[in-house]
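# Got a predicted model here, sequence first, then my questions.
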Amino acid sequence: MKYIYSKYTLIFLIIASLTLSAEAQQLRTSYFMDKSIVRTSLNPAFRPERGYVSIPVIGSLGATYSSNGVAINDLFYPKGGKLVTFLDGSVETNAFLKRLKKNNQFNVDFNTSILSAGWYAGKGFWSADISVKGNASIRTPKTLFEFMKKGTGLEGETYDIRDINAYVDSYVEAAVGYSRPINERLTVGGKLKILLGVANMDASIDHLRAEMYDNYWKITSTGKLSATMKGLSPTMDIDNKGEEYINDFDFDTPGVGGFGTAVDLGASYKLLENLTLSAALLDLGFINWSAGNTTAGAINGEEFNFNGFDLAIGENKDDIPSMSDQFEDLKDDINNLFHFKETGAKGRTTMLRATLNLGAEYSILQNKLGFGLLSSTRFYRPKAYTEMTVSANYRPLDWLSASVSYSFIHSDFKTFGWALNFSPSWIHFFVGSDYMFTKVTPQFVPISASAMNAYIGISIPLARGCCR
């Protein structure tokens with residue numbers, strides 16, 4: 001069976017993800033919840049109170065969206081009881097553009113654990129996990145949105161758009177972890193991961209110049225594209241000058257397109273009786289992608305004509321298409337704007353998007369109440385993304401704990417985080433969110449949220465550890 005995907009379908013999955021309320025690959029609010037198994041993914045030195053066997057798939061499930069300050073309602077607008085994108089003519093151009101940054105970055109992460117388990121063996125804690133992970137990021141200058149929104153202009157009007165980047169990575173991870181106390185104060189841990197690459201795309205436009213003529217734009221640009229997936233093959237189209245360019249991708253049933261490895265490293269140190277410091281470096285590794293599964297393309301300054309973006313989304317509420325149809329129309333316009341010509345493919349190596357976590361917690365009331373500070377830096381391309389999270393962590397019972405948090409760099413104090421860990425002897429249940437939005441549109445799209453996530457995990461508890 002064959003499938004057809006535009007070369008930008010994965011990019012638009014990023015935009016589509018803005019409407020999701022899902023869970024994060026790393027839930028920072030859980031970092032200081034000492035009885036939760038979720039936090040072991042944030043620092044491999046952390047050890048839960050009990051061993052566990054996760055429920056397949058729902059043992060750990062989710063995704064996260066973040067940006068460098070662009071809120072959801074900066075991109076989607078209500079119209080006639082429905083939602084339209086910023087391209088609709090009802091959205092005032094200058095008001096929309098004022099909401100954007102000079103450079104705008106959007107990030108999406110997802111993670112689902114197929115099967116995982118953890119158990120104590122003497123002083124050591126072992127864990128094993130098979131999961132599917134992925135991340136995507138896109139960075140676009142404000143000038144691209146201006147060009148998209150204005151659509152048409154006066155003859156001779158020009159736009160110079162620079163540094164558009166898009167990156168997508170998806171892989172299966174098989175991991176084995178081990179944690180052990182060195183002494184009463186120091187605990188260290190690590191995790192070794194074998195990676196099976198599923199798909200990867202790295203696209204960039206270094207410079208795009210658009211010049212308005214009688215009723216069309218003359219486009220000249222430079223850029224490059226690499227896309228890897230087993231069974232991948234490009235389909236071609238012809239531009240107005242008779243030149244072939246990559247328009248879509250055909251591929252058979254997906255498989256393994258590359259192999260790699262990675263490690264997690266972590267430590268926890270009890271500096272004072274009530275003060276614990278911790279640090280972790282996660283996903284330090286790479287994937288080698290084979291040349292036989294890769295399609296490469298380049299744009300080298302060739303000229304072609306472009307008719308602009310369609311702003312007539314719907315004249316009245318009965319004509320407004322679904323959001324998926326709006327994305328499809330937008331995708332078609334972008335296909336016509338970026339013309340990559342196929343070049344010789346080579347094998348390549350990509351680094352994972354590593355994360356650095358630095359934490360400190362001060363506890364009182366015999367560890368029933370703790371106050372934590374966590375710095376988490378995710379090394380997206382082309383720019384790192386750092387979030388600071390403060391939390392209060394309440395542990396009233398042996399089997400019940402809760403946390404509330406603020407992640408104050410990107411939420412702008414318009415959202416809060418919370419987490420609940422329920423762990424009696426027969427089940428372990430966790431749910432939480434770093435960015436819990438409080439206002440939504442009738443379509444359940446968060447308002448004024450530049451980041452959002454949620455998390456759920458269910459597992460079966462095993463024996464307690466003897467030397468935590």
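Great, that's in hand. This is a predicted model, so every value here is computed, not measured.
# ok, now which ones touch residue 231?
Shown in contact with residue 231 (C-beta atoms under 8 Å, 6 or more residues apart in numbering): 251-255, 293. Yep, even glycine has a C-beta here, placed from its N, CA and C like the rest.
# ok, which stretches of the stretch 101-250 of the chain are helices?
142-150 (DSSP state H, counting those that start in this stretch).
# returning to what we had before: of the contacts of residue 231, closest to residue 136?
Closest approach to residue 136 among the contacts of residue 231 (C-beta to C-beta): residue 254, at 16.5 Å.
# Give the pairing partners of the longest strand seen in the chain; include direction for each.
In the chain, taking DSSP state E as the definition, the longest strand is strand 186-212. Counting by DSSP bridges, the strands paired with strand 186-212 are strand 158-181 (antiparallel), strand 217-229 (antiparallel), strand 258-270 (antiparallel).
# Rounded mean pLDDT for that strand, please.
Summarised as a single mean, pLDDT over strand 186-212 is 95.
# Check stretch 37-44 too.
92.
# any chance you could map the strands in the stretch 351-468 of the chain?
Using DSSP state E, counting those that start in this stretch, the strands of the stretch 351-468 of the chain run over 355-364, 369-378, 385-397, 400-407, 416-422, 428-436, 451-453, 455-464.
# Mean pLDDT lowest where, among those strands?
Looking at the strands of the stretch 351-468 of the chain, the lowest mean pLDDT belongs to strand 451-453 (a mean of 79).
# Counting by contacts, list what it packs against.
Counting by 3 or more C-beta pairs under 8 Å, 6 or more residues apart in numbering; DSSP states H and E, the packing neighbours recorded for strand 451-453 are strand 61-67, strand 428-436.
# coming back round to it: which one of the contacts of residue 231 has the most neighbours?
When the contacts of residue 231 are compared by neighbour count (other C-beta atoms under 10 Å), residue 293 ends up highest, at 23 neighbours.
# Leaving out chain neighbours, which residue sits closest to it?
Take residue 293 and drop its neighbours on the chain: the residue closest to it by C-beta to C-beta, 6 or more residues apart in numbering is residue 257, 4.2 Å away.
# do residue 100 as well
residue 142 (4.8 Å).
# The one you found and residue 218: what is the separation?
As judged by C-beta to C-beta, to the nearest Å, residue 142 and residue 218 stand 22 Å apart.
# Kindly report the same for residue 321.
Distance, residue 321 to residue 218, by C-beta to C-beta: 30 Å.
# One more: residue 328?
From residue 328 to residue 218 the distance is 26 Å (C-beta to C-beta).
# deepest of the strands paired with strand 186-212, which one?
strand 217-229 (a mean of 21; mean count of other C-beta atoms under 10 Å).
# Report the angle between that one and helix 142-150.
120 degrees (axes from the mean of the first three to the mean of the last three C-alpha atoms, to 10 degrees).
# How far does strand 217-229 sit from its chain's centre?
Remark: strand 217-229 is offset 23 Å from the chain centroid, using C-alpha atoms, centre = their mean, to the nearest Å.
# Same question for stretch 369-381.
Distance of stretch 369-381 from the chain centroid (C-alpha atoms, centre = their mean) equals 16 Å.
# Am I right that residue 149 is in contact with residue 86?
Yes - judged on C-beta atoms under 8 Å, residue 149 makes contact with residue 86 at a distance of 6.5 Å.
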